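Participant: turn this into a model:
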Amino acid sequence: MIGKIATTVSFVFILALIVSCSATIPPALLSCKDEPAYSGRKNVSAADVVEFADQLALAGADCRARLKAVKKIVDQK
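Facilitator: Reported below is the predicted structural model:
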C-alpha cells in the first residue's frame, strides 16, 4: 500500500516538473537544426566534403547553443 502511494506521489511530482519546465522553455529551443543529408553521390569533390563538414558544424553549433539556453532556464529554477 505504501509502495503504491509513493509511486503515485513520485509520478505526480515528475509530471508537475515536466509541465513546469515545458511551460517556461520556448518551443523553438526544443529542436535543433537538421544535420545535412548525404546526397549519395559516389564522385564527390573536396569542395563538397568541405561544404558538408561546414553544414555539419553549423548544425552542431546550433544544437549546442539551444541546449545551453535550455540549461540556463532550467538552472534558474
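Participant: how about the helices in the chain?
Facilitator: Along the chain, the stretches classed as helices by DSSP state H are 2-24, 46-75.
Participant: out of these, name the one with the poorest average pLDDT.
Facilitator: Per-segment mean pLDDT for those reaches its minimum on helix 2-24, at a mean of 62.
Participant: so how many other residues sit close to Leu56?
Facilitator: Other residues within reach of Leu56, judged by other Cβ atoms under 10 Å, total 12. For every residue, glycine as well, the C-beta is placed using N, CA and C.
Participant: what's near enough to touch it?
Facilitator: Glu35, Pro36 (Cβ atoms under 8 Å, 6 or more residues apart in numbering).
Participant: start the count at 52 instead of 1 going forward.
Facilitator: Got it, first residue is 52 now, which makes that one Leu107.
Participant: please report how far it lies from Leu80.
Facilitator: Distance of Leu107 to Leu80, given as Cβ to Cβ, to the nearest Å: 21 Å.
Participant: again with Lys93
Facilitator: Noted for Lys93: a distance of 38 Å to Leu80, by Cβ to Cβ.
Participant: those two - which one has more neighbours?
Facilitator: Leu80 (15 against 4).
Participant: wait, that one touches Val121, no?
Facilitator: Yes - contact criterion Cβ atoms under 8 Å: Leu80 and Val121 qualify, at 5.2 Å.
Participant: how about stretch 97-112, which residues are buried there?
Facilitator: When neighbours are counted by 16 or more other Cβ atoms under 10 Å, the buried residues of stretch 97-112 are found to be Phe103.
Participant: dump stretch 98-115 to PDB, restricted to CA.
Facilitator: Output in PDB follows, covering the C-alpha atoms of stretch 98-115 (Å, rounded to 0.1, in the frame of the first residue of the first chain):
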ATOM      1  CA  ALA A  98      34.700  21.200 -52.000                       C
ATOM      2  CA  ASP A  99      31.700  19.000 -51.500                       C
ATOM      3  CA  VAL A 100      33.300  17.400 -48.400                       C
ATOM      4  CA  VAL A 101      34.200  20.900 -47.000                       C
ATOM      5  CA  GLU A 102      30.700  22.200 -47.600                       C
ATOM      6  CA  PHE A 103      29.200  19.100 -45.900                       C
ATOM      7  CA  ALA A 104      31.600  19.400 -42.900                       C
ATOM      8  CA  ASP A 105      30.700  23.100 -42.600                       C
ATOM      9  CA  GLN A 106      27.000  22.400 -42.600                       C
ATOM     10  CA  LEU A 107      27.500  19.700 -40.100                       C
ATOM     11  CA  ALA A 108      29.500  22.000 -37.800                       C
ATOM     12  CA  LEU A 109      26.800  24.700 -38.100                       C
ATOM     13  CA  ALA A 110      24.100  22.200 -37.200                       C
ATOM     14  CA  GLY A 111      26.100  21.000 -34.200                       C
ATOM     15  CA  ALA A 112      26.700  24.600 -33.000                       C
ATOM     16  CA  ASP A 113      23.000  25.400 -33.400                       C
ATOM     17  CA  CYS A 114      22.100  22.400 -31.200                       C
ATOM     18  CA  ARG A 115      24.700  23.200 -28.600                       C
END
